[in-house]
Each structure stands twice: as structure tokens, then as C-alpha cells.
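Visitor: dropping a prediction and its sequence here:
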Amino acid sequence: MTWQLHSDPMMWVAGIRALYLQALHPRAVRGVMENSDFRRDAWGRLMRTADFVGTTTYGTTDAAEQAGARVRRIHRMLSATDPRTGDRYGVDAPDLLLWVHCAEIDSYLHVLWRSGFPLTTARADRYIAEHRESARLVGLDPHTVPASRTELAAYFGSVRPELAAGTDARAVDDFLRRPPAHALLVPAREVLWRHVAHLAYASLPAYAHELYGRPAPVPAAVTRRLRATGTLLRCVPAQVRWQLPPKHILRAVARLGPAARPAPYRSAR
């Protein structure tokens, strides 16, 4: 299921939703703030994340293992200061890795499902279960990671009291609404990026809207916008979309043959 879902263009909206959600964990977002230059290199960070997801989805086993090893090696060297206690902690703490993982998987699945991607509940559970492997690659014990929608919902229920929209989360919110851009790209930012960021924010769960303190449209209206955006993006031929960097899908198909080409709508039927 991962092979099929991750070929969909709505993954870009889902990725922004994941950033909004991840920022609500005070210790997780503090780790980003203290160890990342995302404000100055937003596009580079986004592409590095896309490259990691693409490699672990469509790359060889060796390439996926090497990508995971790089992430674990980098995380082992990084630490941050707890915004509440002042204590230092490693960014590779299992509870933080688990939050980042679950926020990503929930966002990918939620946005694609609401935007009209062909899914059944069984396929959704299979997708979540498959990502125990991606959790292992970043350093988690896969047996501690949710493997179904029920387990994922229970996890979010248990972590909810720890979430807050502090100074760091609001800085991420401000950045995602209006990231720095070259003067020539400002019109594109206002037209394209603003739509993506607003849609990603609108698709967050109700408790996230409450924490951020910004209203969201009625859920049914958000679903209509997600479906309309998904329909529009899926009208662009896959061979055109997949030409964009980092081209993992095209390389996978060249390596494995035409039968490996993601075809989620055909497989659903």
C-alpha cells in the first residue's frame, strides 16, 4: 500500500499537515528549532525529507537501510533543551521519534483518504502496519509502533495532554503561512503555497485548531476542497509529475520493470 499511496500528488499537502501537527509537541519542535536551519533553507529541508521518504519507499533495501542509518547517526549527535524543565535531552528519544512518525503516517493517510484516494479500512490498516518498517529505520522498536487505525487513534489519545502551541509552534505556523521567498517567487507563493498551506492546516484534527487558536472551515467544506485539489492534481499525467526531483518512482520502475509502476486506481478495482 505504501508503494501506491506515496505516488499520489496529495502527498505534498499531507507533508505540510504533518509539519503543523509535529510542531504541537513542545520537545519535538524545540529539537527542530535548536538544530535546524529550516527558516533559511526551507526548500532544501523539504527536498531532503522527500528524498528520505522516496528512498525508503522506492529505493533498494540497501539504499533504505543506508538512509535510515544516516538519520540515526545524525539524531544521536543532536540534543535540545526542554522548554518546560530546562533539562537537556537527545532528539532521538523514542517518545519523540514515535510522535514524529505517527504525525507523518496519520497525515499521509488522512489527506489522501479525504481527497478521494481509493482506500478501504483494511488497506488503510495495512498501510499503517507497513510503516512499522520505516519506524525501525529511524531507530524505533517496531513492536512499540501503532499497526492499525485503532492503535493509531489510541496513541493520539494518550499523547494529547502533552501537546501545546507554544512559541515554537507559532513560529512554525507563521513560517508555513508565509515562508521567505525571492521577490520573483512571491506571486507564486501567494497563489500556490498559500492554498497548500491553508488546506493542510484546515485538514488538521479539531484539537489542533483549538491549540493553534485559528478557526478552520466546516469539515465537509474541507473535504470538498481536498477532493477538488486531489482531482485537479491527479489530472496531471503521472509521467509528468514523476519527472520532478528526486525521481525515485521512475528509477524504481526502470529497475524493476513496468509492472512496478504505481497504479492505485487500477489496483483498487
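Guide: Sure, I can see it.

Visitor: so what does residue 79 have for phi and psi?
Guide: Dihedral angles of residue 79 (phi, psi; degrees, to the nearest 10) stand at phi -140, psi 170.

Visitor: check contacts around it.
Guide: Under the criterion of Cβ atoms under 8 Å, 6 or more residues apart in numbering, the contact partners of residue 79 comprise 31, 34, 88-91. For every residue, glycine as well, the C-beta is placed using N, CA and C.

Visitor: apply 7 Å and report the result again.
Guide: By Cβ atoms under 7 Å, 6 or more residues apart in numbering, the contact list for residue 79 reads 88-91.

Visitor: near the nearest residue in space to residue 154 that is not next to it in sequence, how many other residues are there?
Guide: Closest residue in space to residue 154, ignoring its immediate chain neighbours: residue 146 at 7.4 Å, by Cβ to Cβ, 6 or more residues apart in numbering. Neighbour count for residue 146, taken as other Cβ atoms under 10 Å: 23.

Visitor: nearest to residue 2, of the contacts of residue 79?
Guide: Nearest to residue 2, judged by Cβ to Cβ, of those is residue 91 at 24.9 Å.

Visitor: and the gap between residue 250 and residue 244?
Guide: Computed with Cβ to Cβ, to the nearest Å, the distance linking residue 250 and residue 244 is 10 Å.

Visitor: and the residue nearest to residue 154, how far from residue 133?
Guide: In terms of Cβ to Cβ, residue 146 sits 13 Å off from residue 133.

Visitor: put the buried members of the contacts of residue 79 into a ChimeraX selection.
Guide: In ChimeraX syntax, the buried subset of those is picked out as below (16 or more other Cβ atoms under 10 Å):
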select :89,91
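
Visitor: out of the contacts of residue 79, who's nearest residue 239?
Guide: Taking the contacts of residue 79 together and measuring to residue 239 by Cβ to Cβ, the closest member is residue 91, at 38.5 Å.

Visitor: which one is that closest one nearest to, not counting chain neighbours?
Guide: Residue 91 sits nearest to residue 31 (Cβ to Cβ, 6+ apart), 4.0 Å away.

Visitor: tally up the residues packed near that neighbour, please.
Guide: Residue 31: 25 neighbours (other Cβ under 10 Å).

Visitor: can you give me the buried ones in stretch 222-231?
Guide: Here stretch 222-231 shows 222-223, 225-226, 229-230 as buried, counting by 16+ other Cβ under 10 Å.

Visitor: tell me where the stretch 151-269 of the chain has helices.
Guide: Secondary structure of the stretch 151-269 of the chain (DSSP state H, counting those that start in this stretch): helices at 167-177, 186-188, 194-202, 206-212, 219-234, 238-241, 248-256, 264-268.

Visitor: element containing residue 74?
Guide: helix 61-76 (DSSP states H and E).

Visitor: any idea of the mean pLDDT for the helix or strand following that helix?
Guide: Next along the chain after helix 61-76, taking DSSP H and E as the criterion, comes strand 79-81. Mean pLDDT, strand 79-81: 97.

Visitor: ok, residues contacting stretch 212-228?
Guide: With Cβ under 7 Å, 6+ apart, stretch 212-228 has contacts from 111, 114-116, 165, 173, 199, 202-203, 209.

Visitor: that's a helix at residue 89, yeah?
Guide: No - per DSSP: H, G, I helix; E, B strand; the rest coil, residue 89 lies outside any helix segment and is strand.

Visitor: is it true that it touches residue 82?
Guide: Yes - if you go by Cβ atoms under 7 Å, residue 89 and residue 82 touch, sitting 6.0 Å apart.

Visitor: between the two, which contacts overlap?
Guide: In terms of Cβ under 7 Å, 6+ apart, residue 89 and residue 82 are both contacted by the residues residue 27.

Visitor: if we can go back for a sec, for the contacts of stretch 212-228, which two are the farthest from each other?
Guide: Longest span within the contacts of stretch 212-228, Cβ to Cβ: 116 and 165, 30.0 Å.

Visitor: which stretches of the stretch 1-150 of the chain have low pLDDT?
Guide: 38-44 (pLDDT under 70).

Visitor: one more pass at 50, please.
Guide: Within the stretch 1-150 of the chain, no stretch has pLDDT under 50.
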